[in-house]
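**Q** Take a look and give me a structure for this.
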Amino acid sequence: MTSLIKIVKWRIIGDFFANFASKFRRNPTKNELMLLRSTQIKTLPAVCLAALLVLSCGDKKQRKQDAAQFKTMVVSKKDMTLERQYSARMTGKQIVEVRPQVSGCITQILTGEGEAVRKGQTLFIIDQVPYRTALEMAIAARKSAEARLATARMNYENEELLKKGDVVGEVSVQTMRNAWLEAEAALAQAKAQEVNARNNLSYTEVKSPVSGVASMIPWHVGSLVSSNINEPLVTVADDSEMYIYFSISENHALDLVSQYGSISEFISKAPEVGLRLNNGQLYDQKGRISAVSGTVDTQTGAVTLRATFPNASGLLHHGGSATVLVPTHRQQCIVIPQEATYELQNRSFVYRVINGKTMATAVRLYPQHNGKEYIVENGINVGDTIIAEGSGLLKDGVEIKKPEEPK
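**A** The predicted model follows:
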């Protein structure tokens, strides 16, 4: 302290002489030198007092600042749940585009847009007149074929009797047999045509293949439709359960497989996942991961997962988007505040307090965090004392004072 005061005193005296001398372009007189010395003697006590006040205030301020920065904590373990968020798209359990199998004009629409429909329920009727006619013709052709077959069989049996009496030869008998076989084939063809005609007539009643909810209907009564129309007659979505598709990185997928042992084990043991809707509302039902893609997208390097959510209330809709919340539970892990770490050359460090002084220690952090805390995988142990805040302002060897005990 004494040496510092001397330095300040002589620095101020030197500055004073330099300023005083600069005011005279000639050598000072005897009276001017006496005035300079008198001024020095009078100002020196004030200068020293000011220096002491500045140093005293600065020292107190520094002590207060050090005490505020060096907050410490003792490392311990606790359970922690982390949550990752993924953008997702929603689809119904079954989404079926209903299209006609025959051509014709729509004569009736038997469902409404957005209505619930049952499996097998008739939704549309296409003009049935030409298909009824075709069926009647097929029935007539089948009956005619049956008659021709009966005639061919009778002719063959008669020819067999004549052969036994040596009236006709073998060639004649074989000819009658061939005619009988040809009539059998014609009957089979006629029956097939009848079945086809019946099917076509049944296809004029367009039915729902699944139970669900009907979409908007872009067609009207009188519209000419066929099996190759661009837009379906209607889309029926079975949304009793919703499939939520989202993607994770390949590295995360590998971590999950390593953690659970296999994809099947991960699907069976993975925790329930949550869902946040686009309006920010949390869905009140939990879902489970039900499928993991067996391939990695070559363009994005992502793996697609599917979560299944119940949808009894009908709140979730096919084609919607949401955010999947996937929790990760870690038991008895070391957790420290993010403020306790700093980075240097892509490595993370904390300051341990050893024998009252700081020592930088490299740590490996779990890649996932909650925005406030880190999970430490190695580098520090339970019971270590570390700097909890402001580690980026410290260096090795800084003395840390113990916090004062409350009175």
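**Q** So which bits of the lengthiest strand in the chain are buried?
**A** Across the chain, the longest stretch assigned as strand under DSSP state E is strand 77-98. Neighbour counts using 16 or more other Cβ atoms under 10 Å place 80, 82, 86, 88, 90, 91, 92, 93, 94, 95, 96, 98 of strand 77-98 among the buried residues. In short, each C-beta sits where N, CA and C put it, glycine included.
**Q** Next one: the spatially closest residue to the fifth one that is not a sequence neighbour relative to residue 368, how far apart?
**A** Same thing as residue 90. Using Cβ to Cβ, 6 or more residues apart in numbering and skipping residues adjacent in sequence, the residue nearest residue 90 is residue 320, 4.5 Å away. Applying Cβ to Cβ, to the nearest Å, the value for residue 320 to residue 368 is 27 Å.
**Q** give me every residue that touches the residue most central in space within the chain.
**A** Among the residues of the chain, the smallest C-alpha distance to the mean C-alpha position (Cα atoms, centre = their mean) belongs to residue 86, namely 2.7 Å. Contacts for residue 86 (Cβ atoms under 8 Å, 6 or more residues apart in numbering) come out as 246, 247, 248, 323, 324, 326.
**Q** in a strand, that's where the fifth one is, yeah?
**A** Yes - looking at residue 324 with DSSP: H, G, I helix; E, B strand; the rest coil, it is inside a strand.
**Q** pLDDT score for it?
**A** The per-residue pLDDT reported for residue 324 equals 95.
**Q** can you map out the helices along the stretch 151-300 of the chain?
**A** Counting by DSSP state H, counting those that start in this stretch, residue ranges of the helices within the stretch 151-300 of the chain are 170-203, 250-260, 263-269.
**Q** Show me what the last one is packed up against.
**A** Just to be clear, that refers to helix 263-269. Contacts defined by 3 or more Cβ pairs under 8 Å, 6 or more residues apart in numbering; DSSP states H and E place helix 263-269 against helix 250-260, strand 288-292.
**Q** Go ahead and confirm residue 237 touches residue 211.
**A** No - at 10.1 Å, residue 237 and residue 211 do not qualify as touching, with contact defined as Cβ atoms under 8 Å.
**Q** Buried residues in the helix or strand that the longest strand of the chain is followed by, which are they?
**A** Scanning the chain past strand 77-98 towards its C-terminal end, the next helix or strand to appear is strand 104-109 (assignment: DSSP states H and E). Applying a neighbour-count criterion of 16+ other Cβ under 10 Å, one finds 104, 106, 109 buried in strand 104-109.
**Q** Stretch 371-382 now?
**A** With burial defined by 16+ other Cβ under 10 Å, the residues of stretch 371-382 counted as buried are 373, 374, 375, 376, 379, 380.
**Q** What about those, which are in helices?
**A** Of the positions in these, not one sits in helices, assigned by DSSP state H.
**Q** which two from these end up farthest apart in space?
**A** Comparing every pair within those by Cβ to Cβ identifies 373 and 379 as the most remote, at 15.4 Å.
**Q** Could you work out the end-to-end span of stretch 71-78 for me?
**A** Looking at stretch 71-78, the gap from its leading to its trailing residue is 20 Å under the measure Cα to Cα, to the nearest Å.
**Q** Around residue 294, how many other residues sit close by?
**A** The number of residues packed near residue 294 is 8, by other Cβ atoms under 10 Å.
**Q** again, but for the one 10 residues further on
**A** Residues lying near residue 304 (other Cβ under 10 Å) number 17.
**Q** for the one 3 residues further on, same thing?
**A** Burial of residue 307 is recorded as 24 neighbouring residues (other Cβ under 10 Å).
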